[in-house]
Structures are given as C-alpha cells and as structure tokens.
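Chemist: can you look at this prediction? I've put the sequence above it.
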Amino acid sequence: MKNGRWLLAAFVGVTLTGMMGSAGAQEAAAPAAPAVAPAAAPAGEAGKLELDEKAKEAEGQSASASNPMSFLVVVTSSGWLGIIIWIGLGGTSLAMVALAIDAFVTIKEPKIAPPDLVDQVREAMEQGDVMKAIKHCEDRPTPLANVLSAGFSNVQQGFDVIQDVVGVAADLETEKLMQRVAYLNTCANLAPMLGLLGTVQGMIWAFTTLATTTAGAAQQKMLAIAIAQALWTTAAGLCVAIPAVTFYTFFKNRAMKIILGMEGLTMDLIKSLRNVEVVEEDTEPGA
C-alpha cells in the first residue's frame, strides 16, 4: 500500500510539474511574438518612406526638366518696365532690319546715278541742247538728275552761279542719303542702352529679393528670374547693335563713294556749259 501511495504521489507530481512547465513555456513564448512584429513593422515603413521620397525627388526633377525657365517666362515676369524694354528692343530690331533692306535697295550706283541717264545727258550736252538734257533729268528723278537739273536751270546766270547751285544741290542730296544711313546708327546706339536698362532693372530686382524674401525655393526662383532678365536684355541689345553698326559702316562708306563719284560726274557734265547758249523753242501754233 505504501508503494502504491508513493507511485500515485509521484505520478501526480510529475503531471503537475509538466502542466506548470507547459504554461510557463506558453507565457515565455507569448511576449516573443509581439517583440518580433513591432521590430519588423518600422523597417517596412522606413523603406516605404524612402521609396516615396525618391519618387517625389524624381517627379521634381522631371517637372523641372519639362518646364525650364523659358524666354517667355523671363519676359512676362519682368514687370511693366521690363515689358516696355522688350517692346523697345523688338521695335529697334525690326527697324534695323527694315533700314538695312532699304539701304540695300536704294544706296547703289544705278539708283543714284543711272548709266543710261548719264549717256543721254552727255549726248545732249555734246549737241548743245540744254533743254533736252533738262527733259531727260525730269524723266528720271534721281539724285544725279536733281543735281543736274539745278545746274541746267540756272545756265543763264553764268558758270559761277551754276557751280554754286550744283554744290548746294549735291549737298542736299548727300544729306538725304546719309539720313537714311544715320537711322541705322541710331538703332546701334539705342539697342545697347535699352539692354543696359534691362540689366540694371534685373540687378535691382535681384538685390531687392535678397533683402525682402526669406531664403528658400521662392527666393531662388525670383533671383533666377531677375538675373535671367538682366542677361537676356544685355544679349538682346548686343544682338541688335552689332549688325546695326556693321550695316551703318558698310552703307556709309558705299554712299560716300557713290556721292563723290556723282559730284565728279556732275562737274564733268556741266563744264561744257561755259560756252553754251540757251535757245528756247517756240511752242506757239503757227510760228
């Protein structure tokens, strides 16, 4: 009986010990699972946040690449004074092109002293027919014809008076030609001044932005626009002034060369008026 009691007591002790051990194991294992789960969750969120930041950065780079600071943005963001400056630069460039084309067409020898007119006047003067020479000049109203007409119209006043009248008429025609060329010089002087005004405006705007705007993306954008305004207006002024100066110098030299040739040709044609007598034709009927 004692042995049976000892066996029963041992069996009950072993059973209780196993139950307590299994419960302790469950209690020890239960907190381990939540400890692993919270550790894994922040790692996943951090990776997700990092991917979101990279995506946003890529989107920002693509947006900045697709929307660069264009010339139109610089013009429209330069204020009312900047827009007026750009209108002035545009008008100056158009005027320079129009004046250059006009000079190409008008300032050339066939337009100023046509060879056929010279031949006709020379032939009339060899025949001693001043009225015929005047008629040829009236039919071809060119600078040379105007100068010759002034001399032929005063043939009765003597050769000295003819020389003076021809000199005055030649100076007048020279002034007319040089005025057309002088407008190119005006464009060449005006365009850099407008560009310099735009540069000063851009620098004032840039320093004002530094003084009044908090550092950040907005300040950087305004600074970039102000500096771009300054550089664009300077470049535009030079782009107009350089060809304008070139055209002015070229056409001025061409005009002076043609004018000197016209004056020499005029003196050659009127020197025969020393001994010419004017005989007016009688146009009355029945004469």
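Modeler: Sure, I can see it.
Chemist: neighbours around Thr186, how many?
Modeler: Other residues near Thr186 come to 15 when the count uses other Cβ atoms under 10 Å. No exception for glycine: its C-beta is placed from N, CA and C like everyone else's.
Chemist: scratch that, Met267 is what I was asking about
Modeler: Met267: 14 neighbours (other Cβ under 10 Å).
Chemist: quick check: it touching Ile162?
Modeler: No - at 10.1 Å, Met267 does not count as touching Ile162 under the criterion of Cβ atoms under 8 Å.
Chemist: what about the strands in the chain?
Modeler: Listed in chain order, the chain contains no strands at all (DSSP state E).
Chemist: all helices of it, in order?
Modeler: In the chain, the helices defined using DSSP state H lie at 2-29, 32-66, 71-76, 79-106, 109-112, 115-126, 130-139, 143-152, 159-212, 217-270.
Chemist: which of these is buried the deepest?
Modeler: Greatest average neighbour count among the helices of the chain goes to helix 143-152 (a mean of 24), per mean count of other Cβ atoms under 10 Å.
Chemist: just the C-alpha atoms of it, please, in CSV.
Modeler: The C-alpha trace of helix 143-152 is given here as CSV (Å, rounded to 0.1, in the frame of the first residue of the first chain):
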residue,chain,number,x,y,z
PRO,A,143,19.8,112.3,-107.0
LEU,A,144,22.1,112.9,-110.0
ALA,A,145,19.1,114.2,-112.1
ASN,A,146,18.2,116.6,-109.3
VAL,A,147,21.7,118.0,-109.1
LEU,A,148,22.0,118.3,-112.9
SER,A,149,18.5,120.0,-113.2
ALA,A,150,19.6,122.6,-110.6
GLY,A,151,22.6,123.4,-112.7
PHE,A,152,20.9,123.4,-116.0
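Chemist: check which helices and strands that helix sits against.
Modeler: Packing partners of helix 143-152 (3 or more Cβ pairs under 8 Å, 6 or more residues apart in numbering; DSSP states H and E): helix 115-126, helix 130-139, helix 159-212, helix 217-270.
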